[in-house]
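Asker: Sequence first, then the predicted structure, then my questions.
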Amino acid sequence: MQQKCLLFVLVLLVVSVGVWSYQVGSGIYDITGPAAEVGFMGYAMTNQSGTGIHFRLRARAYIFAEDENSTQRIVFVSTDSCMIYTNTRLEVVRRLQAKYGNLYTVDNVMMSGIHTHSGPGGYSEYAIFDITTLGFYKENFETLVNGIYNAIIRAHESMVPNCKILVNNGTLLESNINRSPTAYENNPAAEKAQFQYNVDKEMTLLKVENSNGEDIGMLNWFAVHGTSMNNWNTLISGDNKGRASYLFEQWKNGKNVLPGKGKYVAIFGQSNEGDVSPNTRGAFCFNGHPCETAHSTCGGTSEGCRAYGPGKNDFQSADIIGTNQFKKAQELYESAKEVVSGRIEYIHQWVDMTNVAVRPEFSISNKTVYTCKSALGDSFAGGTTDGPGDFNFVQGVNKTSTNAYWNFIARFLADPPADQVACHYPKPILLYTGGIDLGTAWEPTILPLQVFKIGQFFIVGVPGEFTTMSGRRLRKTIKETIIRNGGNSQSIVVIAGLSNAYTHYITTLEEYAVQRYEGASTIFGPHSLEAYQQLYSQLTESLIKQRKVNPGPLPQTLTPLPLFLPPVIEDSPPVLGSFGDVHRDAKDSYNTGEKVIVSFWGANPRNNFMIENTFLTVEYNNKTRNGDRWVVVADDSSWETKYKWQEVWVFESLVTVEWDIPVDQVAGDYRVRTFGYSRDLLQNLTPYSGTSKTFYVN
């Protein structure tokens, strides 16, 4: 009896001094999707369809559970995708529940996209996101769902007890700028004076150690768009955040482990990046002059105004911004000391955002205001300096006189009623997406709002892109709610952007009035942020008080757009040749730092996405006394390789493998190989491969 009492006292003592341990697991899985012909998601450019792979896309998952109550757990997933849609998350959860029962639900599973603009689209149930990809591409949807599902399974199966979580944060410079500074400047002077920069420069990081003090995991959040790769890029890429994860995982797993194959998983999560660009040189016209500031135009049009990153080209810019994030994360990781301590809790609610009544205490006007049915403004079509629009639209338009023709055409889709025109004012409505009825919904209306808590650390999953100041206001609201309800005054709040669903942008009321791209894309009207502040405050209060909330109205099951992308009919080998034959071979030798280029007769990569596999290998001959021993040193997940596909005539394909030889590459004999599947007229798939001649690297 005395032993039991002593044990009970020790447990109370441990809890009282704030020492907690957790079960933690991590997992990673391939979500690359079709490498050819499918439109990329992000820039909404019909001519930006895939022609190959720079490096593969991954889903990365972490599961955190209490040691004493392992059913009290949360799942955070970061995907190398543009965003997460409602259908993706619901299908992943459905499959998890089929395997694990109610251990994983919509309440405790959060999914966030890093917002790369260089990945295949066509995986949304909402029409507006699938138009430029020629419809819903089921195979890509399945790839994303299956990848997330398997990353979570791997995280579940790798969980270890008695883990310690540390948190750290610090300032990262020369990695992001505000792409809509005129809108930011419209915020109150007193508010702006509280901050040194017009974008968030802070990276917040979690470090995980096991019971032996060994490093086993890392997650961080930093706000910067995945637009280092511009809208002329047609190679699949995880952009700067994918590059950062690649570098951190390589650092922890070792250079000899191929990307995506190591145990260590590093998440570089997205945050409130709505008005935040990685193109740190700023926006210029083709003549080298700076763009006009208010509307981001050159000669009165937006097409010629483009932002440029710090590198000589997009690949170098993505590398620089990604490396900056990696180095800052490395620094924070190695200096992390603050221990995360406390219970794991979570809360979730579905909310219809089309008519939220915002109470006076959350309203800037101190009056009750309302959100609107979804609509996009003229400046939405103007694009951004990261990716300009077409048809002579420009940013910063809060009147309808600039593009009367397209405003007239858009009215045939849906003519907004007077009350919605007034609700969205001063936004000139271009597309009244909440009123378009062409057999499928154009925008989401019922949204998932979610908050995670690990001790003093809060993760706020938001279904869109909050601007810098919007994110600051939301974090402040949540922090004040925590303190007001007796929570830890030292709580840390991070925003996980583009989580669980996608609704374009959320600006402040003041930024909305300027109607830059972000304001025109704030689809629920000028009071959207105030509504979110109210809703997340309510959720956080319920979380702190351990009060259950009404789950809210479930989103309806939708029929997505049909796919208008023609299927692959067949693949033909070259005349008198075979699939895998070399078209252009390697040279006899190369120096480090040079580029190897080998092309093969291949087939359409849509035939098989080669998930958890590769379309190429670079192999080193590690000879033994028994003969040749070819070892893979790079594949299509590697930063230094590129896989490029080109259609020749009608059914023939050329695939080109490029390898930028690293400066520290070991001297010796190498070869390049390609792999794929060809399709015949009966739709049968046959694997093929091709091999270059052996060449020497000096």
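Answerer: Perfect, thanks for sending it.

Asker: hey, let's count contacts and neighbours off CA atoms from now on
Answerer: Will do.

Asker: Over to I478. Which of the three states is it?
Answerer: helix (DSSP: H, G, I helix; E, B strand; the rest coil).

Asker: pretty sure it is touching S537, no?
Answerer: Yes: I478 is within contact range of S537, at 5.6 Å (criterion: CA atoms under 8 Å).

Asker: between these two, which one's more packed in?
Answerer: I478 (24 against 21; other CA atoms under 10 Å).

Asker: any idea how far Y536 is from Q325?
Answerer: Counting by CA to CA, to the nearest Å, the gap from Q325 to Y536 is 29 Å.

Asker: Compare neighbour counts for those two and give me the winner.
Answerer: Residue environment comparison for Q325 versus Y536 gives the larger neighbour count to Q325, 28 against 24, counting by other CA under 10 Å.

Asker: did I read that right, that one in a helix?
Answerer: Yes: using three-state DSSP, the secondary structure at Q325 is a helix.

Asker: per-residue confidence at the nearest residue to it once chain neighbours are set aside?
Answerer: Nearest residue to Q325, sequence neighbours excluded (CA to CA, 6 or more residues apart in numbering): A244, at 6.0 Å. A244 is assigned a predicted lDDT (pLDDT) of 98.

Asker: Report all helices and strands that the strand or helix carrying A244 contacts.
Answerer: Using DSSP states H and E, A244 maps to helix 239-253. In this structure, helix 239-253 packs against strand 266-269, helix 314-335, with contacts taken as 3 or more CA pairs under 8 Å, 6 or more residues apart in numbering; DSSP states H and E.

Asker: can you list the ones you listed in JSON lines and add distance to S528 and mean pLDDT?
Answerer: As requested, these are arranged in JSON lines below (distance: least, CA to CA, whole Å; pLDDT from 0 to 100):
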{"stretch": "strand 266-269", "distance to S528": "23", "mean pLDDT": "98"}
{"stretch": "helix 314-335", "distance to S528": "31", "mean pLDDT": "98"}
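
Asker: hey, which of the ones you listed is tucked in deepest?
Answerer: strand 266-269 (a mean of 30; mean count of other CA atoms under 10 Å).

Asker: So which elements touch that one?
Answerer: Using 3+ CA pairs under 8 Å, 6+ apart as the contact criterion, the neighbours of strand 266-269 among helices and strands are strand 73-79, strand 215-221, helix 239-253.

Asker: So what touches that strand?
Answerer: Counting by CA atoms under 8 Å, 6 or more residues apart in numbering, the neighbours of strand 266-269 from elsewhere in the structure are 60, 78, 112-114, 217-222, 241-242, 244-245, 248-249, 496.

Asker: same check, this time on stretch 485-494
Answerer: Residues from elsewhere that reach stretch 485-494 (CA under 8 Å, 6+ apart): 204, 221, 271, 456-460, 475, 478-479, 482-483, 541, 544-545.

Asker: If we use 10 Å, what do you get?
Answerer: With contacts defined as CA atoms under 10 Å, 6 or more residues apart in numbering, stretch 485-494 is touched by 167-169, 203-205, 220-222, 270-272, 340, 451-453, 455-461, 471-472, 474-476, 478-483, 540-545.

Asker: Can you give me the end-to-end span of that stretch?
Answerer: 19 Å.

Asker: What is the burial count for V339?
Answerer: The burial count assigned to V339 is 18, neighbours taken as other CA under 10 Å.

Asker: With T143 instead?
Answerer: Under the neighbour criterion other CA under 10 Å, T143 is assigned a count of 19.

Asker: quick one: secondary structure of it?
Answerer: T143 falls in the helix class when you classify it by three-state DSSP.

Asker: is it true that it touches I611?
Answerer: Yes: using CA atoms under 10 Å as the test, T143 is close enough to I611 to be in contact (8.1 Å).

Asker: how far is stretch 461-480 from where the chain is centred?
Answerer: For stretch 461-480, the distance from its own C-alpha centre to the chain's C-alpha centre is 18 Å (CA atoms, centre = their mean, to the nearest Å).

Asker: which non-adjacent residue is nearest the most centrally placed residue in the chain?
Answerer: Geometric centre of the chain, nearest residue: I114, 1.9 Å, by CA atoms, centre = their mean. Using CA to CA, 6+ apart and skipping residues adjacent in sequence, the residue nearest I114 is Q270, 5.1 Å away.

Asker: Sounds good, over and out.
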